[in-house]
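1. kindly generate the corresponding structure for this input.
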Amino acid sequence: MARRGTPPLRSSSVPGSSAKLCDAPGCEAPGEFRAPRDRSRLRDYYHFCLEHVRAYNQAWDFYRGMSPEEIEQNLREDSGWQRPTWPLGRLGQAAPFGPDTIRDPLGLFADTKPTPKKTAKEAPPELRAALDVLGLGWPIDEDGLRARYKDLAKRYHPDVNGGDKSAEERLKDINRAYSLIRKRLATLQPSQAA
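-> Model (predicted):
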């Protein structure tokens, strides 16, 4: 395999010039094609003509003369680009990886069982927008609705906000949402509301 900075495999010289001759015995053709001499000298080349380089490549066997163990070792080294490797996750750590090894402020790796999800009922379609305005979820009880309304009314009242028009519009939306939800809760039976 050619590396960066090495000359191309084929010579671009004109035949008859000072190019190397084919290294095959008795051949007078220009040696335009490179072929490695052996596996221990991969950067030392023979120069062949097209006919002889084809014959050389057909007979080339990188592993000729190696035992099966040497071939296996060479293949293993090639899989890591002839660089040393280590098993994943060890890197000299003697202690096993556990919850006390890392900082876990959220308790994600603790041995606690996950809490089961509550099967929440879905809010009626006509109340979803009103619940979003008030920032509430479903189901809701009247006491929670009233407490949230009082909190929002105090926050967005025009007197508190110095006559700000956007706060006044927001309070109007809160009033409409509160009255809609309150009417709907009054029509629902107590078992459906909670």
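2. quick check: pLDDT value at residue 57.
-> Each residue has a pLDDT score; the one for residue 57 is 91.
3. touching, it and residue 35? I think so.
-> Yes. Judged on Cβ atoms under 8 Å, residue 57 makes contact with residue 35 at a distance of 6.8 Å. Using the backbone N, CA and C atoms, a C-beta is placed for each residue, glycine as well.
4. have a look at the two and say which one is more surrounded.
-> residue 35 (16 against 11; other Cβ atoms under 10 Å).
5. distance of the more buried one relative to residue 25?
-> Separation of residue 35 from residue 25 (Cβ to Cβ, to the nearest Å): 15 Å.
6. what's the answer for residue 39, then?
-> 22 Å.
7. what do you get for residue 184?
-> 102 Å.
8. look at these two and report which has more neighbours.
-> residue 184 (16 against 6).
9. for the longest helix belonging to the chain, name the packing helices and strands.
-> Looking across the chain with DSSP state H, the single longest helix is helix 165-187. Helix 165-187 is packed against helix 128-134, helix 142-156, with contacts defined by 3 or more Cβ pairs under 8 Å, 6 or more residues apart in numbering; DSSP states H and E.
10. in it, what's buried?
-> 167, 170-171, 174, 177-178, 180-181, 184-185 (16 or more other Cβ atoms under 10 Å).
11. name every strand pairing with the strand ranked longest in the chain and say which way it goes.
-> Determined from DSSP state E, the single longest strand within the chain is strand 41-48. Take DSSP bridges as the rule and strand 41-48 pairs in its sheet with strand 33-38 (antiparallel).
12. C-alpha coordinates for the strand it pairs with, PDB please?
-> The C-alpha trace of strand 33-38 is given here as PDB (Å, rounded to 0.1, in the frame of the first residue of the first chain):
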ATOM      1  CA  PHE A  33       5.900  -1.300 -12.000                       C
ATOM      2  CA  ARG A  34       7.100  -1.800  -8.400                       C
ATOM      3  CA  ALA A  35       6.800  -4.900  -6.400                       C
ATOM      4  CA  PRO A  36       8.000  -5.500  -2.800                       C
ATOM      5  CA  ARG A  37      11.100  -7.800  -2.400                       C
ATOM      6  CA  ASP A  38       9.800  -9.800   0.600                       C
END
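13. with that, I have no additional questions.
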